[in-house]
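Trainee: Prediction below, plus the sequence it came from.
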Amino acid sequence: MKALTQLLICGVVLFGAYAVSAQTDLSTQTIKLWDVTTGQEMPAVFKDQGDVTAMALSPDGQFVAAADEYKSINVWDVKEQKLVGKLVGHTQYVKEVSYHP
């Protein structure tokens, strides 16, 4: 039996060539980076423990911010493919994430 999968496209870099998406198979959240000019998936893949509720890619393409069901925002370094920060303290789940130049 094939697992149920949900895909959520969350953000595109303005004037850039990348998009970021979150996909869940009901057990793991996978955050992926895509080259929108070729449609190809980039090597950067990030795992998140909770359901991703919002995401954004920084204008320079260096960071992905992903809010999750645990009321936190994880910040990932795209090149290093590692978690570099966690923003906590929200009283509700985060519905939107964005970067300001």
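Mentor: Happy to help now that I have it. Numbering: from 1, shown residues only.
Trainee: distance of Q40 from F46?
Mentor: 17 Å (Cβ to Cβ, to the nearest Å). The way it works is simple: take the backbone N, C-alpha and C, and place the C-beta from them, glycine included.
Trainee: And K79, by the same measure?
Mentor: Taken as Cβ to Cβ, the span from K79 to F46 is 12 Å.
Trainee: again, but for I73
Mentor: Applying Cβ to Cβ to I73 and F46 gives a distance of 13 Å.
Trainee: L87 reaches S72, doesn't it?
Mentor: Yes - assessed by Cβ atoms under 8 Å, L87 is found in contact with S72 at 6.3 Å.
Trainee: who's more crowded, those two?
Mentor: S72 (18 against 14; other Cβ atoms under 10 Å).
Trainee: For the more buried one, give me phi and psi.
Mentor: phi -130, psi 170 (degrees, to the nearest 10).
Trainee: Give the buried residues for the helix or strand A19 falls within.
Mentor: Using DSSP states H and E, A19 falls within strand 18-24. Residues of strand 18-24 classed as buried: 18-22, 24 (neighbour count, 16 or more other Cβ atoms under 10 Å).
Trainee: Which one's more surrounded, Q40 and F46?
Mentor: Using other Cβ under 10 Å, the more surrounded residue of Q40 and F46 is F46, with 22 against 8.
Trainee: pretty sure the more buried one contacts I31?
Mentor: Yes - F46 is within contact range of I31, at 4.2 Å (criterion: Cβ under 8 Å).
Trainee: check contacts around L33.
Mentor: L33 is in contact with 18-20, 41-42, 44-45, 57, 64, 78, counting by Cβ atoms under 8 Å, 6 or more residues apart in numbering.
Trainee: From these, list the buried ones, please.
Mentor: Buried among the contacts of L33 by 16+ other Cβ under 10 Å: 18-20, 44, 57, 64, 78.
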